[in-house]
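[1] What shape does this take:
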Amino acid sequence: MALPPALLATAAALAALAALLLVLICIIAHITAKKMPTLHRHEEEKYFINAEGRKESLPSIHDPPTKELSVVVPSYNEEDRLPHMMDEALDYLEKRQKRDPSFTYEVIVVNDGSKDQTTQVAMKYCKKYGSDKVRVLSLVKNRGKGGAVRMGVFSSRGKRILMADADGATEFADIEKVEEGLKNLQPWPNQMAISCGSRAHLEKDSIAKRSYFRTLLMYGFHFLVWFLCVKEIRDTQCGFKLLTREAALQTFSTLHIERWAFDVELLYIAQRLRIPIAEVAVNWTEIEDILLCLMEYESGFSQVKQ
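    From the prediction side, this is the model:
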């Protein structure tokens with residue numbers, strides 16, 4: 001269906017304004033940004049509570065890996081949606097471990113300053129499966145999705161690290177697809193590679209279900225990302241990404257953005273470092289209004305006492 005001329009003109013004006021603002025932001029960011037961002041941990045963020053209720057020090061991504069896979073789940077006010085995701089993920093991981101005893105894993109739930117019972121919900125899985133398999137990292141204040149993922153990545157023990165959203169929008173079994181994408185990139189330069197889950201193949205169906213305004217926002221954002229940052233990946237925002245440990249260390253150590261669109265900077269850094277990137281189609285279900293959920297997550301910092 002063709003868009004009305006007036007709507008097209010408005011969209012073009014908004015896109016031009018957005019491009020101008022983004023260029024201005026980039027200039028300011030370039031002037032004010034530090035070459036290497038520093039990661040600050042509050043004292044309470046240096047340990048986790050194990051299944052027995054005792055404090056244990058968190059490992060570091062600089063340590064040698066001791067697990068095959070780490071799954072990092074950023075969570076902000078996810079007491080309702082987290083159980084479905086955790087049930088699906090842990091059911092898959094446990095069955096895979098039974099088939100292949102050499103396969104080891106951990107799931108790190110990062111509670112990003114939630115005001116609900118997210119920590120308590122996640123701790124139930126820690127007590128059920130043990131703190132060697134499920135760990136809960138509670139942040140003192142909301143950092144944003146990018147900041148929460150980075151904290152989880154830097155506390156992980158896996159050779160490979162998977163980012164997975166708490167809403168369970170992506171079928172967890174599709175990890176095998178992104179693993180295959182990672183494998184196909186071998187040989188990995190300096191042991192670095194990234195495989196991104198993608199919803200690009202679902203674009204036509206999603207457009208049919210969305211309003212004109214949201215469709216214009218989507219196209220405008222995709223164009224700006226392609227024009228200014230990442231040209232080779234169609235879907236930069238899917239929260240299902242698999243990284244080798246070295247790739248995670250190098251990209252997240254250089255990451256400045258901690259909130260919305262951190263994925264764009266992450267992939268831009270990867271391209272600048274010449275890290276090979278695969279894009280793999282995954283099964284994805286839109287959970288509630290994803291735009292509103294994202295706005296709620298990213299506005300959480302304004303509700304937290306600084």
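
[2] helix or strand for Q250, which one?
    Assigned by DSSP states H and E, Q250 belongs to helix 245-254.

[3] next structured bit after that helix?
    Counting by DSSP H and E, the next helix or strand C-terminal to helix 245-254 is helix 262-272.

[4] in that next one, what counts as buried?
    F262, D263, V264, E265, L266, L267, Y268, I269, A270, Q271 (16 or more other Cβ atoms under 10 Å). Any C-beta I mention is one placed from the backbone N, CA and C, and that applies to glycine too.

[5] Provide a list of residues in contact with the fifth one.
    Applying Cβ atoms under 8 Å, 6 or more residues apart in numbering, we find L266 in contact with G146, T251, F252, L255.

[6] Kindly recompute the last result at 10 Å.
    Contacts of L266 were listed using Cβ atoms under 10 Å, 6 or more residues apart in numbering, and they are 146, 149-150, 163, 194, 196, 230, 236, 241, 243, 247-248, 251-252, 254-255, 257.

[7] and if you look at F48?
    By Cβ under 10 Å, 6+ apart, the contact list for F48 reads 54-59, 108-109, 126, 131, 135-138, 155.

[8] Identify, from those residues, the entry nearest to V72.
    Minimum distance to V72 across those is 5.1 Å, recorded for I108 (Cβ to Cβ).

[9] in the stretch 1-150 of the chain, which spans are helices?
    For the stretch 1-150 of the chain, the helices defined by DSSP state H, counting those that start in this stretch cover 5-32, 82-99, 118-129, 145-153.

[10] What residues sit buried inside the second one?
    To tie it back to what came earlier, the one meant is helix 82-99. Buried, per 16+ other Cβ under 10 Å, within helix 82-99: L82, P83, M85, M86, E88, A89, L90, Y92, L93, R96.

[11] and the longest strand belonging to the chain, C-alpha only, in CSV?
    As assigned by DSSP state E, the longest strand anywhere in the chain is strand 67-75. Extracted C-alpha coordinates of strand 67-75, given in CSV (Å, rounded to 0.1, in the frame of the first residue of the first chain):
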residue,chain,number,x,y,z
LYS,A,67,32.4,-23.3,30.7
GLU,A,68,31.5,-24.0,27.1
LEU,A,69,28.7,-21.4,27.1
SER,A,70,27.6,-18.4,29.1
VAL,A,71,24.1,-17.0,28.6
VAL,A,72,23.7,-13.4,29.7
VAL,A,73,20.1,-12.3,30.4
PRO,A,74,19.7,-8.5,31.1
SER,A,75,16.5,-8.0,33.1
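
[12] Since that was my last question, I'll sign off now.
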